[in-house]
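**Student:** give the three-dimensional model of this entry:
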Amino acid sequence: MPGGRLTQQERRQIASGLADELAYAEIARRLDRPTSTITREVMRNGGPTAYRPDLAHRATEQRAHRRRQAAPRRTQASSSRTHGRDDEAVREYEELLATVFMQSGLPKMTARVLVAISTSDAGSLTASDLVQRLQISAASVSKAVAFLDSQGLIRRERDERRRERYVVDNDVWYQSMIASARAHTQLVETARQGVTILGPDTPAGARLENVARFVDFVSEAIVRAAEQARAILYTQPQRDPEPGTEPR
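**Tutor:** As a prediction, this is how the structure comes out:
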């Protein structure tokens with residue numbers, strides 16, 4: 001199986017496969033590449049509907065250039081990594097996760113900050129940590145964390161040195177899910193105001209009533225599911241037993 005970066009020709013084959021609505025696994029098989037390579041390539045370059053091979057190739061070259069320029073600074077940062085991780089694989093995963101967050105609606109810098117905190121083993125970073133790790137300004141960090149805090153995606157706390165830390169812990173995801181579901185209440189109420197104004201027996205009124213019922217049902221289902229599944233956030237993941245051993 002070939003290694004190294006994707007070539008421009010391979011990127012064009014990926015685009016052709018996406019146009020033919022092939023699965024990532026099938027595209028990977030045709031290129032003799034891991035499926036994860038194709039997934040990362042597509043997701044960090046616009047997704048399956050917006051992927052452009054020439055733009056993706058140019059963006060990869062630009063990222064490689066930036067990495068070479070930042071190599072001395074990154075050497076210091078990577079020395080703090082633990083568990084024998086592959087720094088390059090970690091960086092590629094962080095780019096992929098940031099792309100997914102961006103596609104869900106987060107601004108680029110905000111997504112990068114959330115990824116940095118989420119992938120830190122401590123689950124928290126200070127403003128100076130983020131400035132050093134992402135090589136961005138303190139103003140950019142402040143703006144990003146303010147947005148994340150307003151959305152319930154992080155929380156703030158003070159450490160023993162009285163520094164403010166930005167935390168992504170287990171319960172943050174639960175609280176964010178609940179806040180998102182409850183935010184739909186305003187949509188339900190507004191839609192039903194429209195039903196009253198437009199008339200419940202009119203096509204427009206009926207359409208808005210159906211929207212209100214749908215959003216209300218989905219929101220309640222999300223809240224119930226989040227309540228029922230909350231304990232999962234505090235459960236130690238179970239690993240598959242080693243071959244030849246009895247499960248505990």
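**Student:** Met43 is in contact with Thr99, correct?
**Tutor:** Yes. Here Thr99 reaches Met43: they are 4.9 Å apart, a contact under Cβ atoms under 8 Å. Every C-beta, even on glycine, is put in place using the N, C-alpha and C of the backbone.
**Student:** how about the nearest residue to Gly47, chain neighbours excluded?
**Tutor:** Nearest residue to Gly47, sequence neighbours excluded (Cβ to Cβ, 6 or more residues apart in numbering): Gln103, at 6.2 Å.
**Student:** heading C-terminal from the helix or strand containing Ser176, find the next helix or strand.
**Tutor:** Using DSSP states H and E, Ser176 sits within helix 170-198. Note on helix 170-198: by DSSP H and E, the next helix or strand toward the C-terminus is helix 203-229.
**Student:** list the buried residues for that next one?
**Tutor:** Buried residues in helix 203-229, counting neighbours by 16 or more other Cβ atoms under 10 Å, are found at Gly205, Leu208, Glu209, Val211, Ala212, Val215, Asp216, Ser219, Ile222, Val223, Ala226.
**Student:** then stretch 97-116?
**Tutor:** Buried positions in stretch 97-116, judged by neighbour count with 16+ other Cβ under 10 Å: 97-99, 101-102, 106, 109-116.
**Student:** below-threshold pLDDT in the chain: ranges please.
**Tutor:** 1-3, 64-83, 237-248 (pLDDT under 70).
**Student:** assumed Arg156 was part of a helix.
**Tutor:** No. Assignment of Arg156 by DSSP: H, G, I helix; E, B strand; the rest coil gives strand, placing it outside any helix.
**Student:** turn the buried residues of stretch 97-116 into TSV, including secondary structure and distance to Glu88.
**Tutor:** Output for the buried residues of stretch 97-116, formatted as TSV (DSSP: H, G, I helix; E, B strand; the rest coil; distance: Cβ to Cβ, whole Å):
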residue	secondary structure	distance to Glu88
Leu97	helix	15
Ala98	helix	16
Thr99	helix	17
Phe101	helix	21
Met102	helix	21
Leu106	coil	24
Met109	helix	22
Thr110	helix	24
Ala111	helix	20
Arg112	helix	17
Val113	helix	21
Leu114	helix	21
Val115	helix	16
Ala116	helix	17
